[in-house]
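Participant: need a structure here:
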Amino acid sequence: MSENYSHLLIPTSASYCPKSAQVAQFVGGIISLGAIPKGSSIRVRELVKNLVRRTHEGKNPFTGEVIKLTEPSRRPGTVHELDTAADIGAVASLYDEYDVEVSGYGRPRLPPLKLDFRKAYHLAISCHIRSTPVSTSDLHEDSLDKRKATPFWEDCSENVRMGLYTDPVTMETIKVPNAGCAHFFVMFAPGKFLFPKIERENLKILEPKLLTVVSQCFDQEFVQGCYWA
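Facilitator: Numbers count the residues shown, from 1 in each chain. Sure, this is the predicted structure:
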């Protein structure tokens, strides 16, 4: 099993991209609900596209196999630490691509995901806005399914509508219509080694009250996916 699990909310419209004021409203809403631990930090991170993507070679230390790794399509830019969710709109509007993250350590009053864990843990909720569509599929090499998918985060055609995900326990493929790519998506990431229970390949496991906030802020229909590494 991997170390880090993130749950995804993806608009069914691949072309949808919210205004920064809507993102600010959403962050304020989840804080008011208690979906994030008290005292959590808020930050906006600019994303910069890599115009030239270099490829590096290395060796797998266990097998000796030569591995080629291409730099990601984007790199972090300026980071702004904010005092309140109300500050997000003005800062985020400066950028074409950015991430907004609220994160903290503790026990949220309204956990976004049901976890078999009773102690305090790290939780991050983040919004990701891109100027062009990126893949929101996460099909792992060790998946029992041998199909290929554009790697998560990387540029992708809007015509790719089927989202493909790998169950972190069974390694079975979970197919989610209208989840293959997006200009915008939301991630809910608990701490290391914390995984929600996924039954019968059903990823509709996010706290319903959060779905209501999402619907009110963005006025869109969303589907759910997962990403883990």
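Participant: what about the strands in the protein?
Facilitator: Here the chain has its strands, by DSSP state E, at 5-11, 41-49, 55-59, 66-70, 74-82, 98-106, 121-135, 162-166, 173-177, 181-190, 222-228.
Participant: distance of the residue of the chain positioned farthest from its centre from Gly58?
Facilitator: Distance to the chain centre peaks in the chain at Gly64, reaching 32.5 Å (criterion: C-alpha atoms, centre = their mean). Distance, Gly64 to Gly58, by C-beta to C-beta, to the nearest Å: 11 Å. (C-beta placed from N, C-alpha, C; glycine too.)
Participant: now do the buried residues in stretch 163-174.
Facilitator: By neighbour count on 16 or more other C-beta atoms under 10 Å, the buried set for stretch 163-174 is 163-168, 173-174.
Participant: from those, which has minimum pLDDT?
Facilitator: Across those, the smallest pLDDT goes to Pro168, namely 89.
Participant: my read: that one touches Phe195, true?
Facilitator: Yes - assessed by C-beta atoms under 8 Å, Pro168 is found in contact with Phe195 at 6.1 Å.
Participant: and of the strands of the chain, who's closest to Lys204?
Facilitator: Lys204 lies closest to strand 222-228 among the strands of the chain, at 5.6 Å (C-beta to C-beta).
Participant: and that closest one, how far out from the chain's middle?
Facilitator: 8 Å (C-alpha atoms, centre = their mean, to the nearest Å).
Participant: with distance to Asp155 added, can I get the strands of the chain in TSV?
Facilitator: Formatted as TSV, the strands of the chain follow (distance: least, C-beta to C-beta, whole Å):
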stretch	distance to Asp155
strand 5-11	16
strand 41-49	9
strand 55-59	16
strand 66-70	12
strand 74-82	9
strand 98-106	16
strand 121-135	6
strand 162-166	16
strand 173-177	20
strand 181-190	9
strand 222-228	17
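Participant: so what's the residue farthest from the centre of the chain up against?
Facilitator: Gly64 is in contact with no residue at all, counting by C-beta atoms under 8 Å, 6 or more residues apart in numbering.
Participant: make 23 the starting number, not 1.
Facilitator: With the count now opening at 23, the last piece we talked about shows up as Gly86.
Participant: still on that earlier bit, return the member of the buried residues of stretch 185-196 nearest to Ser237.
Facilitator: Among the buried residues of stretch 185-196, and counting by C-beta to C-beta, the member closest to Ser237 is Gly185, at 19.4 Å.
Participant: and that closest one, bridged to which residues?
Facilitator: Note on Gly185: beta-bridge partners Val198, judged by DSSP bridges.
Participant: check whether it really touches Thr172, as I assumed.
Facilitator: No - Gly185 is beyond contact range of Thr172, at 11.0 Å (criterion: C-beta under 8 Å).
Participant: the helix ranked longest in the chain: which residues count as buried?
Facilitator: Longest helix in the chain, counting residues (DSSP state H): helix 42-55. For helix 42-55, the neighbour count (16+ other C-beta under 10 Å) marks 42, 44-53, 55 as buried.
Participant: tell me the contacts of Thr158?
Facilitator: 30, 32, 174, 185, 201-204, 207, 247.
Participant: so what's the predicted local confidence for Leu73?
Facilitator: 69.
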